[in-house]
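Novice: coordinates only, sequence not included:
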């Protein structure tokens, strides 16, 4: 079962062996976090931020380990190909040193597992770890139980040329995994971080993942998340960024797997002149459910944000998008633009979109747009006149709709990986490869 | 018309009633014009008895009241106000004004100045300011000829109480079929204690020859704070109904919880226009009306069409979501809105379009203007149910900000469950550009006139939906309401 009592018991059984258990500040956060979770329980529809995604079923949900050991090495090889870069692999919620290849790092860069960072420089981790109050109750559960994750810290002016890849592969023995990634990019540094969530098999498992990013003045950080969990997984994730003056942050969220996935993605502009790009793509079929809940907080003046989300909904699936843009009272000259477009591919799919603007300043330029529709009949007809049959024409147009989101990923190798992940999902992907 | 002067029983101290025995109190209450504060089943029985309502309506009210007791006031709107004590409200007061000013000289000079700017005719001013005079102007005869003509077409247009007496079968058939008793907290309260309102019935195939308006329906002018309106257009009928008035309404009630139900059968068309300019409170947000209204139209028949147009400039707090249920195939729903909040006003308004029939279409056009410390929220829902084949919605929602202390929010929700649906939403928020202002002022306009002109341009698409004379007044009204917002 996955009710509150089960998790309390889980906490009591495991808290002593979690990394950093000997650190009083961390033990304190974990204890308060589990009590908060116990107090609030799983969010239900009554919760304003969860009214399209209820987790009430979790109380009755049984999670079980997959039992079968994943071929992590093969999965990694497929993903990695020839890519050099910095690769950290986590199997079943724990860092796997044998599969990982951190590679050479420039001076001033720290990259390791969270467990290791807690052992070597706990003070720095403490500053970045966050508190038990962050986010909703699933994030609190994560704070209480996080078993590992990545630690990346870039000193002032340090640039990581190659992307950092974090690969999270579901293990054989755990019914749940709780990952926490902490990224600190000091002033004027630059990096790209990619999170891959991979799973396979039919077992019901739970993943909670929290990524916290601190992007200091004039730093540039690109974050890409590829969610390709197993069919029966519940994936509850949160990405939280804080940007300093002139910092640039890009978040790409590609959600293709899991039975239920919830992504809370947010950033706050803590200095003037910040820039944020939020780009998202989700493809769903079967009875799957994906909910993106984004928040861009223009807390300081002259910030620019651009947000684009696209959803492809097939089968009996349901895609939810809530995008909140807040412009604080003194955040003059803010410029915010947001779009959410959904393509319904089946009769029973559902798309829900809630673009929200909350504006307290007057010298602003804000807009949002949302659409739900189907494949344009004229375009379909045009392609058929060019000799494609209807099925192929439909697939091509579906791909074209999605590809706009891929084009916003500016690193070619990452774009290729994202594209491969999309192709693996789309019906007739191989045929499309031939056409293109 | 005649307005009675104050009657003695109303002036008796409330304690007199409170000290009385329950059963006796019942009798005495019947004689009085005003009930003591508070709400109970007995109060509802008294209201119903006073209005000589049939048994079914009393039962209906009681059912609503019992449901209301189980409910809590909604908290989700982006408005803030002190909690309302529902036992501190008088739920029935005979529709007579007793404490109004005796002549125009006693009326607030600010109000008179506003009348001047709006160009309200002299004989109208007294009526709007609530002056208790015997005959304001010849409105009785106007109304009589009006009703005669309507009668010839078979159109019923009367107060709700009158409809209950003369056409109970129609009331029974349609009341609460669009907004059920327990729909929401305020609708339930209204269902329990509603005082009066309008009733319109347009029979099969009849096109109403004139615009209907509360303006002419003098017999139920002071409908009080719990207004109930029911409009039914039978097959092929059409009607345009105007509610409200552009001039500021003097009103002593704090809470308004009205319910409006529209029912359009096959090929029928209902157009409902509102200009709401209740007292918004003073510059510092003291006083003002809480306007908590449930308005809903039901496109029950195929090819029916319901259109809401609203200009909301008054009230301290507006909480209002005129909606359309698009049940019939090929039915059409429209929502056109201008909402302005200046000083400390708060408006949380929008619409719901529920697409259920095939090829249903809806358009939402919302223009929000925030000035001063005002807060303006658009909250909308477009739902396409699985059977709504070919549903189409277009939403345009713009906010204009004047001043750096105001707030504008946009909370639309789209729920699409049919792949053939096309739903589009566009929203923008911006302020009046310095260059726009500069250009207008360079041509000799004052800053206030320039802003007023730009705002009117911003609202033009909505104003053109209003009946002609209303549109002209609405434009002037915006100018007046924006006064003091340009620093």
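Specialist: Now that the structure is in, tell me what you want to look at. All of these numbers come straight from a predicted model, not from anything done at the bench.

Novice: now do the strands in the stretch 151-300 of chain A.
Specialist: A:164-169, A:176-185, A:190-198, A:206-215, A:220-228, A:234-243, A:248-255, A:260-269, A:275-284, A:289-298 (DSSP state E, counting those that start in this stretch).

Novice: an error on my part: the question was meant for the stretch 301-436 of chain A.
Specialist: Under DSSP E, counting those that start in this stretch, the stretch 301-436 of chain A gives strands at A:304-313, A:318-327, A:334-344, A:350-359, A:364-373.

Novice: next, format the strands of the stretch 151-300 of chain A as JSON lines and append mean neighbour count.
Specialist: (C-beta placed from N, C-alpha, C; glycine too.) Converted to JSON lines, the strands of the stretch 151-300 of chain A look like this (neighbours: other CB atoms under 10 Å in any protein chain shown):
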{"stretch": "strand A:164-169", "mean neighbour count": "25"}
{"stretch": "strand A:176-185", "mean neighbour count": "25"}
{"stretch": "strand A:190-198", "mean neighbour count": "23"}
{"stretch": "strand A:206-215", "mean neighbour count": "24"}
{"stretch": "strand A:220-228", "mean neighbour count": "22"}
{"stretch": "strand A:234-243", "mean neighbour count": "24"}
{"stretch": "strand A:248-255", "mean neighbour count": "24"}
{"stretch": "strand A:260-269", "mean neighbour count": "24"}
{"stretch": "strand A:275-284", "mean neighbour count": "24"}
{"stretch": "strand A:289-298", "mean neighbour count": "24"}
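
Novice: ok, which of these comes nearest chain B?
Specialist: strand A:289-298 (11.7 Å; CB to the nearest CB).

Novice: about what we covered before: dump the strands of the stretch 151-300 of chain A to JSON lines, plus distance to residue B:322 and mean pLDDT.
Specialist: Putting those into JSON lines (distance: least, CB to CB, whole Å; pLDDT from 0 to 100) gives the following:
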{"stretch": "strand A:164-169", "distance to residue B:322": "49", "mean pLDDT": "94"}
{"stretch": "strand A:176-185", "distance to residue B:322": "47", "mean pLDDT": "96"}
{"stretch": "strand A:190-198", "distance to residue B:322": "45", "mean pLDDT": "95"}
{"stretch": "strand A:206-215", "distance to residue B:322": "42", "mean pLDDT": "96"}
{"stretch": "strand A:220-228", "distance to residue B:322": "41", "mean pLDDT": "95"}
{"stretch": "strand A:234-243", "distance to residue B:322": "38", "mean pLDDT": "96"}
{"stretch": "strand A:248-255", "distance to residue B:322": "37", "mean pLDDT": "96"}
{"stretch": "strand A:260-269", "distance to residue B:322": "33", "mean pLDDT": "96"}
{"stretch": "strand A:275-284", "distance to residue B:322": "33", "mean pLDDT": "95"}
{"stretch": "strand A:289-298", "distance to residue B:322": "29", "mean pLDDT": "96"}
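
Novice: now those as JSON lines including distance to residue B:315?
Specialist: What follows is those, written out as JSON lines (distance: least, CB to CB, whole Å):
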{"stretch": "strand A:164-169", "distance to residue B:315": "53"}
{"stretch": "strand A:176-185", "distance to residue B:315": "48"}
{"stretch": "strand A:190-198", "distance to residue B:315": "49"}
{"stretch": "strand A:206-215", "distance to residue B:315": "44"}
{"stretch": "strand A:220-228", "distance to residue B:315": "45"}
{"stretch": "strand A:234-243", "distance to residue B:315": "39"}
{"stretch": "strand A:248-255", "distance to residue B:315": "41"}
{"stretch": "strand A:260-269", "distance to residue B:315": "34"}
{"stretch": "strand A:275-284", "distance to residue B:315": "37"}
{"stretch": "strand A:289-298", "distance to residue B:315": "30"}
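
Novice: out of these, which gets nearest to residue A:381?
Specialist: Across the strands of the stretch 151-300 of chain A, residue A:381 has its closest neighbour in strand A:275-284 (24.5 Å, CB to CB).

Novice: please name the strands paired to the closest one in the sheet, noting orientation.
Specialist: Paired neighbours of strand A:275-284 in the sheet (DSSP bridges): strand A:248-255 (parallel), strand A:304-313 (parallel).

Novice: tell me the pLDDT of the residue in the stretch 51-200 of chain A that chain B sits nearest to.
Specialist: Nearest residue of the stretch 51-200 of chain A to chain B: residue A:52, at 8.2 Å (CB to the nearest CB). At residue A:52, the model reports a pLDDT of 89.

Novice: now it: which helix or strand?
Specialist: Secondary structure from DSSP states H and E places residue A:52 outside every helix and strand.

Novice: so what's it up against?
Specialist: Applying CB atoms under 8 Å, 6 or more residues apart in numbering or on different chains to residue A:52 gives the contacts A:45, A:291, A:318, A:320, A:322, A:352, A:354.

Novice: what about chain B: which of those touch it?
Specialist: Checked against chain B using CB under 8 Å from any CB of the partner chain, those yield the following neighbours: A:352, A:354.

Novice: list only buried entries from the contacts of residue A:52.
Specialist: Among these, those classed as buried by neighbour count (16 or more other CB atoms under 10 Å in any protein chain shown) are A:291, A:318, A:320, A:322, A:352, A:354.
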